[in-house]
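Asks: Below are the sequence and a predicted model; questions follow.
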Amino acid sequence: MVKRDGGPEIPRPGEGKRGEAGYFGYLLRQAGGAYRLRMERALADLEVTPPQFTALTMIAAYPGLSSADVARLAVLTPQTVSVIIANLERAGSVRRRPHPVHGRILTLEITDNGQTLLARCRERVLVLEKQLAAGLTAEEEAVIRRWLAAVAAEGGEPD
């Protein structure tokens with residue numbers, strides 16, 4: 001516990017309601033925040049944010065996405081993705097092309113520059129992924145991955 005000036009003792013991550021006694025949702029949020037901070041630090045000198053990494057990953061994995069598609073896949077607002085894509089485009093990492101059928105839709109593609117940047121980012125993120133899985137058996141990791149995917153699938157994404 002950490003004592004604040006004249007205030008209550010605040011549990012550290014992993015203690016009290018911030019530990020095993022906490023609500024699942026809070027623990028997921030706390031873990032996600034800690035992981036995001038690690039990603040921010042790992043990618044900072046590349047001038048890539050975690051949401052930009054996610055967008056680059058999705059654009060590379062699923063060619064022809066629109067910004068709206070990226071927003072759904074990355075679980076971000078369309079406005080946030082609009083800023084992310086504009087910054088990635090300005091950096092030369094992605095480009096927009098007219099959709100072959102729907103004239104008002106622009107599709108996204110990762111550039112060679114973006115592929116190189118994404119590869120550098122992936123190297124760093126894979127180190128974080130290995131740290132997350134450290135101490136887990138392959139079976140334990142598989143159970144956690146299935147559980148997290150199921151939680152996301154049950155999240156009520158519209159069809």
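Replies: Sure thing, it's come through.
Asks: Which parts of this structure are strands?
Replies: 2-3, 9-10, 94-98, 106-110 (DSSP state E).
Asks: If you count contacts, what does the second one end up packed against?
Replies: Counting by 3 or more Cβ pairs under 8 Å, 6 or more residues apart in numbering; DSSP states H and E, the packing neighbours recorded for strand 9-10 are strand 2-3. Placement of C-beta: from N, CA and C, glycine included.
Asks: For residue 133, find the nearest of the strands of the chain.
Replies: Smallest distance to residue 133 across the strands of the chain (Cβ to Cβ): 26.8 Å, for strand 106-110.
Asks: nearest to residue 83, of the strands of the chain?
Replies: strand 94-98 (13.0 Å).
Asks: Now do the closest one against strand 106-110, angle only.
Replies: Counting by axes from the mean of the first three to the mean of the last three Cα atoms, to 10 degrees, strand 94-98 points 150 degrees away from the direction of strand 106-110.
Asks: any idea which of the strands of the chain scores lowest on pLDDT?
Replies: Note on those: strand 2-3 shows the lowest mean pLDDT, a mean of 63.
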